[in-house]
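Student: Fold the following.
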Amino acid sequence: MLIAIFQEKKSMDESAAGSIAEWVKLIGATGIGGLVMAFFAKFAFRKMIEEGTAAQRAGGETDIIEQLRAEVDRMGRINDTLSGKVAELQEQIIKLRSENAELKAEIQALNYQIKSLNPVGKQ
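Tutor: Have a look, this model is predicted:
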């Protein structure tokens, strides 16, 4: 009987020790699983933030590209206007040069007439 009580106590101790060991295993597995989940969640959160930032950057770059295209178009129109004005000014310069040449020729002709009317010694 003493042996039966001892064996019964021993089996209770073993079952208690076994259940404690199971609890420790469960807590350890849960802790490791929690750490793995925490690292995974941190990684996933970081990836989502990076993807969001990349999407914002791409959107910003697209906006800047569109603004640059609009600016290039605007400058092209201004360039066309200025080219037309330069052509007009060049035509005016050509006309003024020919008018200047005509006036010089007319002045020379008038000087020649003045010299021909005045004898050299009578001035």
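Student: Just list the residues touching Gln92, thanks.
Tutor: Contacts for Gln92 (CB atoms under 8 Å, 6 or more residues apart in numbering) come out as none. Where C-beta positions appear, they are placed from N, C-alpha and C, glycine not excepted.
Student: per-residue confidence at it?
Tutor: Looking at Gln92, its pLDDT stands at 97.
Student: cool, Glu61 as well?
Tutor: 85.
Student: What separation is there between it and Gln113?
Tutor: Noted for Glu61: a distance of 76 Å to Gln113, by CB to CB, to the nearest Å.
Student: what do you get for Arg74?
Tutor: The separation that Arg74 has from Gln113, given CB to CB, amounts to 58 Å.
Student: Low-confidence bits of this protein, can you list those?
Tutor: 1-18, 20-21, 23-29, 119-123 (pLDDT under 70).
Student: And Gln90, how close does it get to Glu99?
Tutor: From Gln90 to Glu99 the distance is 15 Å (CB to CB).
Student: I should have written Leu82 there, sorry.
Tutor: 25 Å.
Student: Over to Ala54?
Tutor: With CB to CB as the criterion, Ala54 and Glu99 are 66 Å apart.
Student: again with Met75
Tutor: Distance from Met75 to Glu99, by CB to CB: 35 Å.
Student: and Glu106, how many residues sit next to it?
Tutor: 10 (other CB atoms under 10 Å).
Student: ignore the last one, Leu89
Tutor: Counted with other CB under 10 Å, Leu89 comes out at 10.
Student: same question, Glu61
Tutor: For Glu61, the neighbour count with other CB under 10 Å is 10.
Student: which residue is nearest the middle of this structure?
Tutor: Nearest to the geometric centre of the chain sits Glu61, at 3.8 Å (CA atoms, centre = their mean).
Student: which SS state does it fall under?
Tutor: Judged by DSSP: H, G, I helix; E, B strand; the rest coil, the three-state class of Glu61 is helix.
Student: who touches Ala109 in this structure?
Tutor: Ala109 touches nothing, counting by CB under 8 Å, 6+ apart.
Student: Kindly provide the distance from it to Asn118.
Tutor: Taking CB to CB, one finds Ala109 at 15 Å from Asn118.
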